[in-house]
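Visitor: just coords:
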């Protein structure tokens with residue numbers, strides 16, 4: 001085990017705007033339990049969900065534990081493995097993943113020098129992949145991977161899929177994964193990102209500023225939709241989906257964004273309605289996606305990155321001490337790919 005007892009970490013002691021994030025130098029180093037490993041963090045991805053938890057507006061406050069280290073994505077090296085932990089990992093191995101402490105009701109996130117993760121949920125980082133790129137994968141990459149798997153579209157089928165918000169963290173991965181599987185990919189984005197997304201593999205880019213999605217595609221519906229916007233946008237996407245199609249809905253703050261505090265009730269109603277419709281086979285199958293930690297999925301994804309088949313799109317990197325600025329930027333909702341914090345050995 002590491003002899004270090006305290007560490008540098010970005011902590012919030014109450015929910016609020018990005019200014020509540022504190023750069024703390026004496027936060028306790030988490031102690032891994034049997035089955036876990038301790039990781040010395042080199043880089044940490046910043047995700048919209050991090051801002052939701054810190055903000056306390058899009059997630060019920062009563063489930064948010066404070067004080068808390070922010071963050072869920074990490075890339076680093078194995079620092080310690082407790083006795084009794086069954087794993088083929090060794091101290092010093094380069095690993096990445098989704099930390100055990102990333103949930104709102106947990107304490108030890110990844111904007112820190114150390115974090116803990118269940119050994120089976122971490123994956124090795126190939127030498128060709130940097131810590132920064134690896135840290136940009138976990139939540140966004142897992143969500144896109146699992147959403148595409150949920151649609152059930154066969155590889156090489158040429159079937160048509162619509163992916164909302166193609167230039168975002170989830171979208172940039174989903175577009176590439178879908179194209180690799182031989183699907184016809186349509187995504188939404190601003191005109192400024194159209195060429196960028198076509199370079200990633202999109203066959204069509206829908207300009208959500210000027211065109212109506214339903215008018216464009218109601219007569220030529222899709223076999224599947226991956227929606228990461230939620231709220232009103234999800235119901236628009238549903239209207240361009242075949243009756244026997246598949247809707248993978250990435251959980252987001254869309255309903256609160258569109259309906260205010262009443263959005264939670266609308267969200268619950270929408271979830272129940274779509275589930276019952278799917279069960280009765282009166283409409284598309286419905287698959288809520290939360291981005292589940294999986295060592296196997298992470299290994300498959302980072303393998304594609306190492307082979308050059310998938311690009312990790314990094315919008316910008318910032319030092320750990322600028323976590324508040326990173327939250328401010330991500331919270332605006334206009335990132336191209338991922339934002340990553342680099343963790344110095346201080």
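Guide: Cool, got the structure. Computed from a prediction, not measured in an experiment: that's the story for all the values here. Numbering: from 1, shown residues only.
Visitor: show me the contacts for residue 69.
Guide: Shown in contact with residue 69 (Cβ atoms under 8 Å, 6 or more residues apart in numbering): 9, 10, 11, 27, 101, 107, 108, 109, 110, 111, 112, 115. For glycine as for every other residue, the C-beta is placed from the backbone atoms N, C-alpha and C.
Visitor: give me the neighbour count for the nearest residue to residue 186 once chain neighbours are set aside.
Guide: Taking Cβ to Cβ, 6 or more residues apart in numbering as the measure, residue 186 lies nearest to residue 204, with 4.2 Å between them; neighbours along the chain are not counted. Counted with other Cβ atoms under 10 Å, residues neighbouring residue 204 total 16.
Visitor: what's the answer for the one 5 residues further on, then?
Guide: Using other Cβ under 10 Å, residue 209 has 9 neighbouring residues.
Visitor: before we move on, what about residue 19?
Guide: 10.
Visitor: residue 50 versus the nearest residue to it once chain neighbours are set aside, what's the distance?
Guide: Counting by Cβ to Cβ, 6+ apart, the nearest residue to residue 19 once its immediate chain neighbours are dropped is residue 324, at 6.3 Å. Relative to residue 50, residue 324 is positioned 12 Å away (Cβ to Cβ, to the nearest Å).
Visitor: more crowded one of those two?
Guide: For residue 324 versus residue 50, the count of surrounding residues by other Cβ under 10 Å is larger for residue 50: 28 against 20.
Visitor: and whichever helix or strand that one is part of, how far out from the chain's middle?
Guide: With elements delineated by DSSP states H and E, residue 50 resides in helix 48-55, which encompasses its position. On the basis of Cα atoms, centre = their mean, to the nearest Å, helix 48-55 sits 12 Å off its chain's mean C-alpha point.
Visitor: poorly predicted segments of the chain, please.
Guide: Screening the chain residue by residue with the criterion pLDDT under 70, one finds the ranges 1, 231, 252-271, 274-276, 278, 280, 282, 345-346.
Visitor: quick one, helices of it?
Guide: Under the criterion DSSP state H, the chain contains helices at 48-55, 131-135, 138-151, 169-180, 194-200, 213-217, 231-238, 254-259, 263-279, 295-306, 323-331.
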